[in-house]
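K.L.:
Next input, structure requested:
(2 chains)
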Amino acid sequence: MAYDKFQILKSTAVPLQIENVDTDQIIPARFLKATERKGFGDNLFRDWRYNSDDSVKKDFVLNNTNFKGKILVGGKNFGSGSSREHAAWAIYDYGFRCVVSSFFADIFRNNCLNIGVLPVQVSPDFLSKLFQEINQNPNSEIKVDLPNQSISILNIDLVESFEINNYKKQNMLNGFDDIDYLINIKSEIEDFAKKSII
Amino acid sequence: MKKTLFDKVWDSHVVHKINNGPDVLFIDRHMVHEVTSPVAFLGLKKRKIKVLYPERTFATADHNTPTLNQHLPVKDKLSANQLKALENNSREHGISFWGLGHEKNGIVHVVGPEYGITLPGATIVCGDSHTSTHGAFGAIAFGIGTSEVEMVLSTQCIMQQKPKSMRINVTGELDKGVTPKDVALYIISKLSTSGATGYFVEYAGNVFNQMSMEGRMTVCNLSIEMGARGGMIAPDQKTFDYVKGREFAPVGADWESVIEFWKNLPSDKGAIFDKEFHFDGKDIEPMITFGTNPGMGMSILKDIPKYNSKTGQEETYKKSLDYMAYKEGETMIGKQIDFVFLGSCTNGRIEDFRAFSEIVKGKKKAKNVVAWLVPGSHKVEKAIKDEGILKILNDAGFELREPGCSACLAMNDDKVPPGKYAVSTSNRNFEGRQGPGSRTLLASPIVAAAAAITGKVTDPRTLF
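P.N.:
The predicted model follows:
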């Protein structure tokens, strides 16, 4: 279904300076039992946020009140592992609209694009400057400009451009949906299916 | 233009091309399970549309099912709801449904091949990253998210950017005791968990040619663990013999026409891959993982490596070893273990149970070890009984559970307790993967068997 439009996002960011953050950490399997897309944000990074007795792990970044905002910044190879879209839902439901990393796992990246969370891949150098800036100055604002495909750390005037394929960009900008597109070429699909030998 | 196996299958499934955008790819076979499908079916309801080709989708319950007393109602209310939702959705849309207790029930990537749903040259998707398993037949098979499940249900198509191509060649002889699982864990340890991200992999070389179909499935299954969208192996006579006569495989004239197509699928001589790797089979030993991602594996005889900058950020490496309560430089041989898990879409097939039973035959399970032996399907379970394997297992002090994903992702009650060590034949050793606080050592079925007998990490070759 169509999702929120994404144009320009200006926000503070939350730094999660860990590499290979897998989707089992983003949302552990035991929280995948729902039959509706509701409430997944409560269990985002569940086992890093809470102890087994549900008490808060104070040293985890989401529990540090200095950091907030709609942008999550993660280490290299973010979102590896399971294809569960619940990981992207949890990130969205918690309030993030953009994830920044120097490298994303494929399925996770697609899942984000399909639900309106923008994955922004930056250079390792930009990422380390971004972590440094947020850690030094948690109130520092980051601007993610989708029409111009650029991300800026406003405080230090550092800008980098990012890639996104044009089709997905238009979908994000306008809140368009893949299924609407596919339904419009249904007769092409049906002709193809008739010729299929498998 | 010379084409790869991947090109041939991909190009023959493109329905529509979008300029500067993804291809619209036709999907021949779609498998669904209870966890990643309910929200997709809900989406269809909101759009007021039906499944376009229900005969191309197959549903089985596996992720969330108990592995004991499957004849009783499922106790966990949320799990029961999800299973019921899959049943209702399948019935409403006319999809084949193999729920709990059904003779064809089992793990989605085990039953697909067993019933001839998985075919060479096909495009196969499922809301599960280990869909790459089906690539063993020369199919393009990959995992998708729930939005994409909805796409396939409603239009039988998916939008995908064509990935880059990679070929991984493994040649030479494998030592006795080196299994397909070890070959895969070895490759992942060399490439890392992101080494193949953005690529679709073809496995080539005599090591894969000589592997059984089950072995090829294990290798392709683990492709996602190095970040690849999928992995595939060119179909050959072994593939055709495996597929022929299975319930959903083509017959008669249809068989003749597909076999023509399938025989032309192997990559053309001289086809160019974007990236290529070569490994020598004789360098591979029984493998084990020591950290919290599948790339952190090594020969079972080696010591845990010291941090080096090639493997990434130091804090991440240290965090991983801290979680496992291991230290750099320690040897894995002799490490105490608490649980053994034989099963999953990686190693839950009959060949895996045969290999496990050969090691434990005539011996006794270590008293300190809890062992969960979970067949990948009812068909596997039946073969275990028919071949006399169950008796060998029982005599050695093991019990067999009922099919499902079980402790691989611990959505059901099969959870390894906090702090405990499990030698597992599954696919992921992420933090908490097998239960909050659990510690997983990934290995082959025979390394798992050796651990179950001795109660510690043991080179299985010492038990031959």
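K.L.:
mind listing the strands for chain A?
P.N.:
Along chain A, counting by DSSP state E, strands occupy A:8-11, A:13-16, A:71-74, A:98-101, A:118-121, A:142-145, A:150-153, A:158-161.
K.L.:
For chain B, give me its nearest residue in chain A.
P.N.:
A:Y167 (2.8 Å; C-beta to the nearest C-beta). Where you see a C-beta, it was placed from the backbone N, CA and C, and this is true even at glycine.
K.L.:
what about that residue, how many neighbours?
P.N.:
By the criterion of other C-beta atoms under 10 Å in any protein chain shown, A:Y167 has 19 neighbours.
K.L.:
Touching, it and B:I18? I think so.
P.N.:
Yes - when contacts are counted by C-beta atoms under 8 Å, A:Y167 is listed as touching B:I18 (5.3 Å).
K.L.:
Mind listing the shared neighbours of these two?
P.N.:
Taking C-beta atoms under 8 Å, 6 or more residues apart in numbering or on different chains as the contact rule, A:Y167 and B:I18 both touch B:M159.
K.L.:
Look at B:L463 and report its pLDDT.
P.N.:
Here, the pLDDT recorded for B:L463 equals 96.
K.L.:
Distance of it relative to B:A451?
P.N.:
Going from B:L463 to B:A451 by C-beta to C-beta, to the nearest Å gives 11 Å.
K.L.:
On the pLDDT front, check the residue most central in space within chain A for me.
P.N.:
Centroid-nearest residue in chain A, with C-alpha atoms, centre = their mean: A:V99, separated by 3.9 Å. On the pLDDT scale, A:V99 is placed at 98.
K.L.:
for chain A, which helix is longest?
P.N.:
In chain A, with assignment by DSSP state H, the single longest helix is helix A:124-136.
K.L.:
quick one: the strands in the stretch 201-350 of chain B?
P.N.:
B:230-232, B:275-280, B:287-289, B:297-299, B:339-342 (DSSP state E, counting those that start in this stretch).
K.L.:
mean confidence score for the first one?
P.N.:
Mean pLDDT, computed over strand B:230-232, is 98.
K.L.:
and it, does that touch chain A?
P.N.:
No - against chain A, strand B:230-232 shows no contacts by C-beta under 8 Å from any C-beta of the partner chain, the least distance being 10.0 Å.
K.L.:
Distance from that strand to the middle of the chain?
P.N.:
11 Å (C-alpha atoms, centre = their mean, to the nearest Å).
K.L.:
packing partners for it?
P.N.:
helix B:5-11, strand B:140-143, strand B:199-204, helix B:213-221 (3 or more C-beta pairs under 8 Å, 6 or more residues apart in numbering or on different chains; DSSP states H and E).
K.L.:
what lines up beside it in the sheet?
P.N.:
strand B:199-204 (parallel) (DSSP bridges).
K.L.:
now what about the partner strand, what contacts it?
P.N.:
Under C-beta under 8 Å, 6+ apart, the answer for strand B:199-204 is B:4-6, B:140, B:142, B:163-170, B:216, B:219-220, B:223, B:226-234, B:267, B:273-275.
K.L.:
Just want the angle from it to helix B:213-221.
P.N.:
Interaxial angle of strand B:199-204 relative to helix B:213-221 (axes from the mean of the first three to the mean of the last three C-alpha atoms, to 10 degrees): 150 degrees.
K.L.:
relative to strand B:275-280, how tilted is strand B:199-204?
P.N.:
Going by the same axes, to 10 degrees, strand B:199-204 makes 40 degrees with strand B:275-280.
K.L.:
Rounded mean pLDDT for strand B:199-204, please.
P.N.:
The model assigns strand B:199-204 a mean pLDDT of 98.
K.L.:
Which residue lies closest in space to B:S377, excluding its sequence neighbours?
P.N.:
Ranked by C-beta to C-beta, 6 or more residues apart in numbering or on different chains and with sequence neighbours excluded, the top spatial neighbour of B:S377 is B:G106, at 2.4 Å.
K.L.:
Report pLDDT for that neighbour.
P.N.:
We have a pLDDT of 98 for B:G106.
K.L.:
Give me the number of neighbouring residues for B:K46.
P.N.:
10.
K.L.:
ok, A:R30 - contacts?
P.N.:
Contacts of A:R30 by C-beta under 8 Å, 6+ apart are B:A410, B:M411.
K.L.:
Tell me the predicted confidence for it.
P.N.:
In this model, A:R30 carries a pLDDT of 95.
K.L.:
so who does B:V183 touch?
P.N.:
B:V170, B:L174, B:V207, B:V219, B:G281, B:I284.
K.L.:
Confirm for me that the last one is in contact with B:D182.
P.N.:
Yes - taking contact to mean C-beta under 8 Å, the distance of 5.7 Å between B:I284 and B:D182 places them in contact.
K.L.:
Compare neighbour counts for those two and give me the winner.
P.N.:
The neighbour count for B:I284 versus B:D182, taken as other C-beta under 10 Å, is higher for B:D182 (25 against 22).
K.L.:
can you count the residues close to the closest residue to A:F108 other than its chain neighbours?
P.N.:
Counting by C-beta to C-beta, 6+ apart, A:G79 is the residue found nearest to A:F108 once chain neighbours are left out, at 2.7 Å. Applying other C-beta under 10 Å, we find 28 other residues in the vicinity of A:G79.
K.L.:
hmm, back to that, tell me the mean pLDDT over the longest helix of chain A?
P.N.:
Helix A:124-136 comes out at a mean pLDDT of 98.
K.L.:
for the nearest residue to B:A325 once chain neighbours are set aside, phi and psi?
P.N.:
Leaving aside its chain neighbours, B:A325 sits nearest to B:R439 (7.4 Å; criterion: C-beta to C-beta, 6+ apart). When read as degrees, to the nearest 10, the backbone of B:R439 gives phi -120, psi 120.
K.L.:
Quick check: B:Y115 touching B:G245?
P.N.:
No - judged on C-beta under 8 Å, B:Y115 makes no contact with B:G245 at a distance of 11.0 Å.
K.L.:
Of the two, which one has the most company?
P.N.:
B:Y115 (18 against 10).
K.L.:
picking that back up, columns distance to B:K420 and pLDDT on top of the contacts of B:V183, output as TSV?
P.N.:
As requested, the contacts of B:V183 are exported to TSV (distance: C-beta to C-beta, whole Å; pLDDT from 0 to 100):
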residue	distance to B:K420	pLDDT
B:V170	34	98
B:L174	32	98
B:V207	34	98
B:V219	29	98
B:G281	34	98
B:I284	29	98
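K.L.:
Of those residues - the most surrounded one?
P.N.:
Neighbour-wise, the contacts of B:V183 (other C-beta under 10 Å) top out at B:V219, 27 neighbours.
K.L.:
Now do the same contact list for it.
P.N.:
B:A136, B:P180, B:V183, B:A184, B:Y203, B:F208, B:M211, B:G231, B:I233 are the contacts of B:V219 under C-beta under 8 Å, 6+ apart.
K.L.:
Specify which member of those residues is nearest to B:G252.
P.N.:
B:A136 (25.2 Å; C-beta to C-beta).
K.L.:
Surely the closest one touches B:P235?
P.N.:
No - with contact defined as C-beta under 8 Å, B:A136 does not count as touching B:P235 (9.1 Å).
K.L.:
okay, the two: which has more neighbours?
P.N.:
Set B:A136 next to B:P235 and count neighbours by other C-beta under 10 Å: B:A136 wins out with 32 against 24.
K.L.:
how close does B:D62 get to A:D53?
P.N.:
31 Å.
K.L.:
sorry, that was for B:I359
P.N.:
40 Å.
K.L.:
Kindly report the same for B:T171.
P.N.:
For B:T171, the distance to A:D53 - C-beta to C-beta - is 53 Å.
K.L.:
Can you measure across stretch A:142-149, start residue to end residue?
P.N.:
Length of stretch A:142-149, first residue to last, C-alpha to C-alpha, to the nearest Å: 14 Å.
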